[in-house]
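Asks: Sequence plus the predicted model coming up.
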Amino acid sequence: MSANTARCPMGHGTTELPEQAESRPTHVGGVQHSGAKEVPVVNWLQPAQLLADPYGSYARLRTEAPVAWVPMLNKFLVTSYAGCHEIEQDQSIFNANVSGSTMNRAIGAHPMLRKDDPEHATDRLAVNPVLRPKNIKEAWAEVFARNADIYLDELEDVGPDNADLNRDYAAPLAAKNLGDLVGLKDVDVQTVRTWSHDFIAGIGNVLDDPEIWRRCEASTEQADALINELIPHYQLHPNASMLSAWANSGLPDANIAANVKLSISGGMNEPQHMVTNIVWALSNHPDQREQVLADPTGWTAVFDEAVRWLSPIGMYPRETTVDTVLEGVRIPAGSGIAVVVAAANHDPAQFGENAEDFDISRPKKSHLAFGAGVHLCAGHWAAKSAIGQIAVPKAYERFPGLRIEESRPGQWAGWVFRGLTSLPVTWN
Amino acid sequence: MPSITFTQPDGTAQRLEVEQGTTLMRAAVSNGIDGIVGECGGQAMCATCHVYIRPEYADALPELGADEDEMLDCTAAERTERSRLGCQISTGASLPEIIVDIPAGQV
Ligand code: HEM
Ligand code: HEM
Ligand code: FES
C-alpha cells in the first residue's frame, strides 16, 4: 500500500525508484467520482530528477496537469500559482492539521503549524509582536549584524582558497541568529543545529525509523528541560525574544514548548539556504551583482527575487476536510495535498514569460515562498532583515569580488527543502 | 447588507455587498478585487491589504491599533493620514457602508 510506495521526498540516499503503484485518488477518501472530470494521474515523476533539479518536472506538471494525483507520493500535487493561492484562501477546506502528522510526535503536542484558527491564532498572535518589522529592527538588527561579523571573521580565517560559504558562514550564522531570536540564551550553535536537524528528521520520519525517533526524543528531552527552565526566567526577566513573548502570554507550557521547537525546526535551514542561494544567484548573474553593489537599496529586491526563484521550502502539505474541486479537478475529502510553492513561483501566468529567469528588476508580484494566509511564515520579516539586509550585504562588503569558486563545485539537494549543502567561494 | 466600494487607482469602482462583520481585506480577496493581497490572512503581519479610507468615513472606523500603526510603516505605497489595513476594519452596524481607494502597489 501507500506506506511501501511512499518515499521521503528528501531522497535520503535511496536511488531505487518506488513502485508505480496503481493507487487512485478515489482510494484516499473512498469517494466515487461519477460524472466528474477525469483526475489526471502522473506516473512519470522521477524521484532522482526531483532531488537533482525539480524545476523541469515542475514546468511539465504546470503545463500538463497543474492539479495531479501522484501515486508515488500518495498526494495531489498542486503546481500552478492559481491553485496554490486558492488553497491558502480556505483553511476550512484545505486543513493544515495533516492527519497522522509525524510533526506532532516529533516535537510534541500540536505546534501551531498543525493547527487551524482559532486554535492557531492563540499561539501565533502571542509571538507576532516580536516578529513584526519594528521589533526586528529595534531589538534584533544589531544582534544579527554582530553575529554576521563573528562568522565573517571565521570565514576570513579559512581564507579564499578553502572557504565554503555554507559550512563556514551560512550554517553557523543561521543557528546563532535563531538561538538568539528564539531566546535559547546560552545554548551553543552546535546544539541548536543538532536539535533542528533531529526535529526535522522526526517530522519527516514517516517510515517510523526507530533510530530517528530515538535521536528526536533525546533532543526533545534536552530542549524541553531548557524551555521549562526558561519560561519562569522570562516571566521575571522579559526581553524581546520569542520565548519571552510566549512565556508571558498565559499559554500552557506544553503549547509554548511545541511552538519553540517548531521555530527551531523551521527557522534555521531556510535562512541558511538563502545566504548561499543569493550568492549563487548573483555569481551567475554578474551584471545584476554589479547593479546591487552600486545601489544597495537593491538588496530588498535581491532577497525577494532569490526567495521566489530558489524557494528553500519547495512544498508543504495540507489535507482536504471535504470533497472539493480545485482548478476543475475533483478532490475527495481526506486527500493529502502537496502545495508545491516552488513550482507556483515559476508560473508564467503569475510572473510572465521570463518566470524561470532570475531578474531583480522584474515587476513586483506576490509569490508564495513564505506560504500565504494564516500560516504565512512567522519569521519572514526576521529573515528579510537578518539575511537580505545584513548577512549577505555584509559578506560582499567584507570580501570584494565574493563569488562561487568554479573549481570546487557546490552541491544542490532536495525538493521539499531545497538548498546548497556546500558552496565553495573565493574573493579577491 | 453592508456595502464596500473599492476604487482602483484608474478610477474604476466596484461595489460589494457583504455579510456583517466581513473585513475589507476578506471581502476583496474572496471577490477577486485587484490590488488587495492579504498575504498574512488578516494578522496585521504583512501590510499587503493597505487601503486609503475616504475622509467622510474616518469617524466611523475603529481606532488605529498599535500593531496596525506599526505595519502601516511598511506599506509598499506611500502611507498617508487616510491609510489603514483592510484586515483590521470590519463592516457592521457602525459601518454599514464605506468607500476606499486602492493604492498603486502592495508588494
Ligand atoms: C532515513 C530517514 C528518512 C526516511 C526513511 C524518510 C521517509 C519519508 C517518507 C516515506 C515520507 C512520506 C512521503 C509521502 O508519501 O508523503 C517522508 C516525508 C517527508 N520527509 Fe522524509 N524521511 C527521512 C528523513 C527525513 C529528513 C532528514 C528530512 C528533512 C531534512 C525529511 C523531510 C521530509 C518531509 C518534509 C516530508 C513531507 C512530510 C509531510 O508530507 O508532512 N525526511 N519521509
Ligand atoms: C528565508 C527564510 C524562510 C523561509 C523561506 C520560510 C518559509 C516558511 C513557509 C513556506 C512556511 C509555511 C509552511 C506552511 O504553511 O505549511 C513557514 C512557516 C513558519 N516559519 Fe518560516 N521560513 C523562513 C524563515 C523562518 C524563520 C527565521 C523563523 C523563525 C523565527 C521561521 C518560523 C516559522 C514558523 C514559526 C512558521 C509557522 C507559522 C504558522 O503556522 O503560523 N521561519 N515558513
Ligand atoms: S492581511 Fe496582512 S496585514 Fe492585513
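Replies: Happy to help now that I have it. Ligands and ions are numbered 1, 2, ... in the order given.
Asks: how about the single nearest residue of chain A relative to ligand 3, phi and psi?
Replies: Closest to ligand 3 within chain A is A:L376: 7.7 Å, counting by C-beta to the nearest ligand atom. For every residue, glycine as well, the C-beta is placed using N, CA and C. With angles defined as degrees, to the nearest 10, A:L376 sits at phi -40, psi 130.
Asks: I'd like to know how many residues surround it.
Replies: A:L376 has 20 neighbours, counted by other C-beta atoms under 10 Å in any protein chain shown.
Asks: Look up the closest residue to it, ignoring the ones flanking it.
Replies: B:C40 (4.4 Å; C-beta to C-beta, 6 or more residues apart in numbering or on different chains).
Asks: Double-check that that neighbour belongs to a strand.
Replies: No. Counting by DSSP: H, G, I helix; E, B strand; the rest coil, B:C40 is not part of a strand but coil.
Asks: Isn't B:A47 up against B:E68?
Replies: No. Using C-beta atoms under 8 Å, B:A47 is not in contact with B:E68; the gap is 9.2 Å.
Asks: So the two - more neighbours on which side?
Replies: Neighbour count, other C-beta under 10 Å: between B:A47 and B:E68, B:A47 has more, with 26 against 18.
Asks: May I ask which helix or strand encompasses the more buried one?
Replies: If you go by DSSP states H and E, B:A47 is not part of any helix or strand.
Asks: how close does the residue positioned nearest the centre of chain A sit to A:P133?
Replies: With distances taken as C-alpha atoms, centre = their mean, A:I313 lies nearest the centre of chain A, 3.4 Å away. Look at A:I313 and A:P133: by C-beta to C-beta, to the nearest Å, they are 21 Å apart.
Asks: Just to check, B:L72 is in contact with B:S83?
Replies: Yes. B:L72 lies in contact with B:S83 (C-beta under 8 Å); the separation is 5.3 Å.
Asks: So for those two, which residues contact both of them?
Replies: B:H50 (C-beta atoms under 8 Å, 6 or more residues apart in numbering or on different chains).
Asks: Break down chain B into its helices, ranges please.
Replies: B:24-30, B:66-72 (DSSP state H).
Asks: between B:A47 and B:E68, what contacts are shared?
Replies: Joint contacts of B:A47 and B:E68 (C-beta under 8 Å, 6+ apart) are B:L85.
Asks: what's near enough to touch the residue nearest in space to the middle of chain B?
Replies: The centroid of chain B falls nearest to B:G86 when counting by C-alpha atoms, centre = their mean (2.7 Å). Each residue near B:G86 by C-beta under 8 Å, 6+ apart is listed here: B:T23, B:L24, B:M25, B:A28, B:I36, B:G38, B:C49, B:H50, B:V51, B:V100.
Asks: Relative to A:E88, how far out is it?
Replies: On the measure of C-beta to C-beta, B:G86 and A:E88 end up 17 Å apart.
Asks: B:A58 too?
Replies: 32 Å.
Asks: Neighbour count: the two, which is higher?
Replies: A:E88 (22 against 11).
Asks: ok, back up a step: the residue nearest to A:L376 reaches A:G371, doesn't it?
Replies: No. If you go by C-beta under 8 Å, B:C40 and A:G371 don't touch, sitting 9.5 Å apart.
Asks: where does the stretch 1-150 of chain A dip in pLDDT?
Replies: For the stretch 1-150 of chain A, applying pLDDT under 70 flags the ranges A:1-37, A:99-104, A:108-110.
Asks: 90 - rerun?
Replies: Residue ranges of the stretch 1-150 of chain A with pLDDT under 90: A:1-38, A:46-48, A:51, A:72-73, A:88-92, A:95-123.
Asks: How about chain B?
Replies: Ranges of chain B meeting pLDDT under 90: B:93, B:107.
Asks: all strands for chain B, in order.
Replies: For chain B, strands defined by DSSP state E occupy the ranges B:3-7, B:13-17, B:50-53, B:83-85, B:97-101.
Asks: likewise the stretch 1-150 of chain A?
Replies: Using DSSP state E, counting those that start in this stretch, the strands of the stretch 1-150 of chain A run over A:67-70, A:75-78, A:94-95.
Asks: okay, now A:Y316: neighbour count?
Replies: 19.
Asks: Ok, the one 10 residues further on next?
Replies: Counted by other C-beta under 10 Å, the residues lying close to A:L326 total 22.
Asks: Disregarding residues adjacent in the polypeptide, which is nearest to it?
Replies: In space, A:L326 is closest to A:V67, 5.3 Å off (C-beta to C-beta, 6+ apart).
Asks: Was I right to think A:T276 contacts A:L165?
Replies: Yes. Between A:T276 and A:L165 there is a contact under C-beta under 8 Å: 5.5 Å.
Asks: Mutual contacts of these two, please.
Replies: A:L423.
Asks: Would you agree the residue nearest to the centre of chain A is in contact with A:F417?
Replies: Yes. Between A:I313 and A:F417 there is a contact at 6.2 Å, judged by C-beta under 8 Å.
Asks: Between the two, which contacts overlap?
Replies: The contact sets of A:I313 and A:F417 overlap at A:E270 (C-beta under 8 Å, 6+ apart).
Asks: count of residues packed around the residue nearest to B:D67 when sequence neighbours are not counted?
Replies: Among residues not flanking B:D67 along the chain, B:A44 sits closest, at 4.4 Å (C-beta to C-beta, 6+ apart). Neighbourhood size, B:A44 [other C-beta under 10 Å]: 22.
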